[in-house]
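A.B. asks: With the sequence up front, the predicted model follows.
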Amino acid sequence: MTTFGTRLQSALREFGPLCVGIDPHPGLLRAWGLAENAEGLETFAEICVEAFDGRVALVKPQVAFFETYGSAGLAVLERTIEVLRASGTLVLADAKRGDIGSTMDAYAHAWLGDGPLGSDAVTVSPYLGFGSLDPALSLAEANGRGVFVLAATSNPEGAQLQRITAADGRTIAQTMVDEAAARNAGSAFGSVGVVVGATLTEAPDLSELNGPVLMPGVGAQGGGADSIRALLPADGLRYAVPNVSREVLAAGPSVTALCERTAQLQEEFAFLQN
């Protein structure tokens, strides 16, 4: 079985280091001339699939915007995941799940299993303790999937918890990175990634991670190539996966315009794979 880390590394080399989001929030639906209902959601998702499928390394549907429409919205998400994965495009479900015991196990099977929502990777929150993620980490390893652990997020409120210094002198964010690194030990390229905001002024030490660093906050939130260069050491740039959503989606609903904006950003971040 090929690991998610290996598949992602191959995709990054082929398409460049970009993760593009599918974020059908109400403002974008209106901007695209679509109804704020499941039908509008489906049209939005279909346009995104046409624009991004086979053109980017990683596509990240924001689960909450599909859940808003209940079972009809989840059905759209299921079809979106199915089409992308069937063609070989890697899908990261941005679900940010975090719980304990059997509940975490159920979340893991929903997003990393073989059911209708099964994706190549999922975002998870470790703030019930990193060990609470074990069901997801174990299933991801067994199924050749990946997990992206929230570590140092770009929202200002995150610092209230993530920058606390523990008794061992590490920040909470650093502890999460180190725990992820331990899961990647011995891999050519690990399948346990972390989330580090591109808008931060200081990042945890990522030198031992040996896995992908998803970096949201690019574009509308102010992050970009320069901020990533400033945030990561030179030898860590190759692990960066900038996440763009509104910066690309604002070009819609034209598929051509979406493709052109994606290509521009791929060129802008090409230095990360050099």
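C.D. replies: Done, it's in. Residues are numbered from 1 along each chain as shown.

A.B. asks: measure the residue lying closest to R229 once chain neighbours are set aside to E67 for me?
C.D. replies: Spatial nearest neighbour of R229, chain neighbours left out: L237 (7.2 Å); criterion: CB to CB, 6 or more residues apart in numbering. Placement of C-beta: from N, CA and C, glycine included. Taking CB to CB, to the nearest Å as the measure, L237 falls 34 Å from E67.

A.B. asks: Do you know the pLDDT at the nearest residue to R183 once chain neighbours are set aside?
C.D. replies: Leaving aside its chain neighbours, R183 sits nearest to V192 (4.4 Å; criterion: CB to CB, 6+ apart). What the model reports as pLDDT for V192 is 98.

A.B. asks: could you point out the longest helix in this structure?
C.D. replies: helix 70-86 (DSSP state H).

A.B. asks: following it, which helix or strand shows up next?
C.D. replies: strand 90-97 (DSSP states H and E).

A.B. asks: Is it correct that the residue nearest to R183 is in contact with V147?
C.D. replies: Yes: contact criterion CB atoms under 8 Å: V192 and V147 qualify, at 5.4 Å.

A.B. asks: related to what we said a few turns ago, what sits against the residue nearest to R183?
C.D. replies: 137, 140, 146-149, 180, 183-184, 211 (CB atoms under 8 Å, 6 or more residues apart in numbering).

A.B. asks: So which of the residues you listed belong to strands?
C.D. replies: Those of the contacts of V192 mapping onto strands are 146-149, per DSSP state E.

A.B. asks: picking up where we left off before, comparing L237 and E67, which residue is more hemmed in?
C.D. replies: L237 (18 against 13; other CB atoms under 10 Å).

A.B. asks: burial of D205, as a residue count?
C.D. replies: 15.
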